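Student: how would this look folded up:
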Amino acid sequence: MLATPLHPLLVHFPIALLFIGTITEIIALFKKEFFNKASLYLIGIGWITGVFAYLSGEGAEEYAERYLHSDVHSLVEVHETFALITLVAFGGYLVLKLWSLWKGSPKPFSYLIILVALAGVVTLSVTGHYGGKMVYPDYQNSNGEVIKDTN
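Tutor: Below is the predicted model:
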């Protein structure tokens, strides 16, 4: 087994692809031809890499609980939950987008697809926030005063 978990290496691909794919989906409202397919490819590849990042999280969880701060377990649980919600949201986007391309759809359906992608971006952001809190913990006490880092 690797001394360092794969999760930190894999996680940045879905973050970038899903964010850019969502922006591309919004642009597709105005410039359909290229951006309509580009958003599907970006989010599709982002979703696949997201599945790999999610699956690699178990090894990262074991590593974090062994080597990081004591309250990491509760952060891991929230991070993992939002990661799964993100995959479900973008999976829903892919189903709607493929159905739309296969059957054709009215313009209002495009807004629904964008809303689903934006919901995915929100949950992706929350996932990243909690992932970052594990690696870069807040050094504040209950009064909000900054505690000096002892490292």
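
Student: elements contacting the longest helix along the chain?
Tutor: Assignment by DSSP state H gives helix 32-67 as the longest helix of the chain. Secondary-structure packing of helix 32-67 (3 or more C-beta pairs under 8 Å, 6 or more residues apart in numbering; DSSP states H and E): helix 7-10, helix 12-27, helix 72-103, helix 107-135. C-beta here means a position set from N, CA and C on the backbone, and glycine is covered the same way.

Student: try 6 Å
Tutor: Contact analysis of helix 32-67 by 3 or more C-beta pairs under 6 Å, 6 or more residues apart in numbering; DSSP states H and E lists helix 7-10, helix 12-27, helix 72-103 as its packing neighbours.

Student: Flag every buried residue along it.
Tutor: By 16 or more other C-beta atoms under 10 Å, the buried positions in helix 32-67 come out as 35-36, 38-40, 42-44, 46-47, 49-50, 53-54, 56-57, 60-61, 63-64.

Student: Distance of G92 relative to G120?
Tutor: 8 Å (C-beta to C-beta, to the nearest Å).

Student: Mind checking which of these two has more residues around it?
Tutor: G120 (27 against 15; other C-beta atoms under 10 Å).

Student: rewinding a little: quick check: which of the helices and strands packed on helix 32-67 is buried the most?
Tutor: Highest mean neighbour count among these (mean count of other C-beta atoms under 10 Å): helix 12-27, with a mean of 19.

Student: Specify the angle between the longest helix of the chain and helix 12-27 in degrees.
Tutor: 150 degrees (axes from the mean of the first three to the mean of the last three C-alpha atoms, to 10 degrees).

Student: between helix 32-67 and helix 72-103, how many degrees?
Tutor: Using the same axes, to 10 degrees: helix 32-67 against helix 72-103 is 160 degrees.

Student: How far off centre is helix 32-67?
Tutor: Here the centre of helix 32-67 is set off from its chain's centre by 7 Å, with C-alpha atoms, centre = their mean, to the nearest Å.
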